[in-house]
Each structure stands twice: as C-alpha cells, then as structure tokens.
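**Q** After the sequence you'll find the predicted model.
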Amino acid sequence: MDTDTADELEQLRFRAYGPSADIHADPGAQQRLRELEGAARSHKTVAHAAVVVLQDAEEPPAIVAAPDPEPAPLSELDEPIAVAEAKPPSRRRLPRSTRILWAGSIVAAAAVAAAATYGLAAMTPVSVSSGAPQIATLKPESLAKKVPAGWFGAGASSRTWEFYGLTLFETTSGMFGGTGDDCMMVVTTADIPEEGESTDNWSVSGISNGACSVGAFPATIEIAVNSNVPEELRAAFPDSAIQFVKRGDDIGVFVDKG
C-alpha cells in the first residue's frame, strides 16, 4: 500500500472513528473505506504468508516412525516368525531444477516480508489536522454579507461562509496569484466593502488570508486567535489556533487550544 493510499485510509478512519465522525452521511466515503480496509487486510495476509514460508524453510520436516506392532504370543504361533531387520525410510533427493525454484520462492517471500516490515516501520500516519478536534462544519450562507466581484479574486456568484465575525468566500485564484482547483479567502467581515463602494486601493485592518487546493490536498487556511481577529472570535476561542479546511460545499473548522 503506497503512502498516498495509506494517508487516504487514515483520513477515512478518522472520519469514521474520530471524535467528530461524519462518514455516516457520506456513502461514497463509506464504500471507499471498506475498499481500503480490505486492501490493508490483504496486504497483511501476504506478509504473514511470507513469514510462514520462511519458518517452514528453516525447519526440515520431521520423520516420525510408526510404532512396531505388538508381537503375538508364541503359544498362538505354529512356527517361529523371523523378524526382519528394520530399515530407516529413504529420503528422495529433489531434482536440481526443483531445488532452484524452491530456493527462488524463499528469496521472493523474504523480500515481500522485508518490504512489508520496512513500510510499517518507516511510515508514521499523520491525520489531516494534526489531531486537532473538529468543532464545526460551515455551510454556504445565502444571507451572508455580499463580497464585491473582483475583491480579492471574488467572483460574481462566489459562495460565502461566516464564522464569529469572519467571512470566508470562494475566489478564482490564490491570494498571491496562485491558481488551483478550489480557492478561498478569509477576511474580517467588517472589512468587506459595502455594495457600490469602490474597491480600488482598498485596505484591510483585520484578517486576510487565502489558499487553494493542490491535487488531492484541499484548500486549508490557519489563523492565530490574537488581536487581529474579531473580538467575538477571541471571546469564543482565546489563545487558540484555528484551521479551515474546504471540501466541496463544506468547510471544516478545527481548533487547537495550544
């Protein structure tokens, strides 16, 4: 199992068994978790079979001699019976080609076992938010404050989310011009220009941060809860760090109390 697949499995397990499990509402994620769990079990079975082969190769099969039958009493015999000399069973030597194939299978099994052991020892799973608990899932809000088109890359139909005096909204590019499949910004709601105001040379005094997704990695923004954030956010999460992770229509909110 490669690193990307193992990371995906760890994320799905966190969604299924973590403190804020939400996989029950995502049938596609449930099916993917079952597939990856089955693949992980198959991987462990192959490694175990390789170890068994190595153990069997190190110990030659034992030869168990059957017990001699108890002789009948002489009184019941008409004539004495000659006792044949017991000969040990002969061992048939395997052909050279068979021995080579057998040795090759042992080497291959050892390689599989070694690779599996190294992979398990070298890879340490890391969860999507470093173990920080998810405290909320934000949904797009139709009544949120309108973000002017073009302001920090906002489009005419950009969706918005609100969280304790902050507004998050979709953008067409990253904060510094980077592009991605899915980009967003977070700003202090009070800094958003009013409808009809000019956005030329507009400045902000609070939070302004952006991010884009890259490949399989979602757009993720982290902020520190300090004097730059709205007072209502500081009151709710003092001396904390907050992470916003955008996946599709939803934004997960994770909090680290420090």
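**A** Received the coordinates, thanks.

**Q** now the helices: where do they sit in this structure?
**A** Listed in chain order, the helices of the chain (DSSP state H) span 3-17, 27-58, 96-122, 231-236.

**Q** separation between Ala136 and Ala21?
**A** From Ala136 across to Ala21, the span is 15 Å (Cβ to Cβ, to the nearest Å). For glycine as for every other residue, the C-beta is placed from the backbone atoms N, C-alpha and C.

**Q** same question but for Gly252, I mixed them up
**A** 12 Å.

**Q** neighbour count winner among the two?
**A** Of the pair Gly252 and Ala21, Gly252 is the one with more neighbours under other Cβ atoms under 10 Å, namely 21 against 13.

**Q** Who is the more buried one paired with across the strands?
**A** Counting by DSSP bridges, Gly252 forms beta bridges with Thr137, Val245.

**Q** and it, what does it touch?
**A** Taking Cβ atoms under 8 Å, 6 or more residues apart in numbering, we find Gly252 in contact with 129, 134, 136-138, 244-245.

**Q** Dump the residues you listed to CSV, plus neighbour count, distance to Ala224 and pLDDT.
**A** CSV is the format used below for those (neighbours: other Cβ atoms under 10 Å; distance: Cβ to Cβ, whole Å; pLDDT from 0 to 100):
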residue, neighbour count, distance to Ala224, pLDDT
Ser129, 20, 15, 54
Gln134, 20, 18, 92
Ala136, 15, 18, 94
Thr137, 15, 22, 94
Leu138, 17, 19, 94
Phe244, 24, 13, 96
Val245, 21, 17, 95
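
**Q** and which of the residues you listed is nearest Pro218?
**A** Nearest to Pro218 among these is Val245, at 5.4 Å by Cβ to Cβ.

**Q** sorry, back to before: and the helices of the chain, which one's lowest on average pLDDT?
**A** Note on these: lowest mean pLDDT is at helix 96-122, with a mean of 58.

**Q** Domain parsing of this structure, as residue ranges.
**A** Listed domain ranges for the chain are 1-62+96-127, 134-195+204-256 (source: automatic domain parsing).

**Q** Show the low-confidence segments of the stretch 51-200 of the chain, by residue range.
**A** By pLDDT under 70, the low-scoring segments of the stretch 51-200 of the chain are 51-130, 174-180.

**Q** repeat that for 90
**A** 51-132, 141-158, 172-182, 193-200 (pLDDT under 90).

**Q** circling back: possible to save the contacts of Gly252 as JSON lines with distance to Trp151?
**A** Formatted as JSON lines, the contacts of Gly252 follow (distance: Cβ to Cβ, whole Å):
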{"residue": "Ser129", "distance to Trp151": "29"}
{"residue": "Gln134", "distance to Trp151": "29"}
{"residue": "Ala136", "distance to Trp151": "25"}
{"residue": "Thr137", "distance to Trp151": "26"}
{"residue": "Leu138", "distance to Trp151": "20"}
{"residue": "Phe244", "distance to Trp151": "19"}
{"residue": "Val245", "distance to Trp151": "23"}
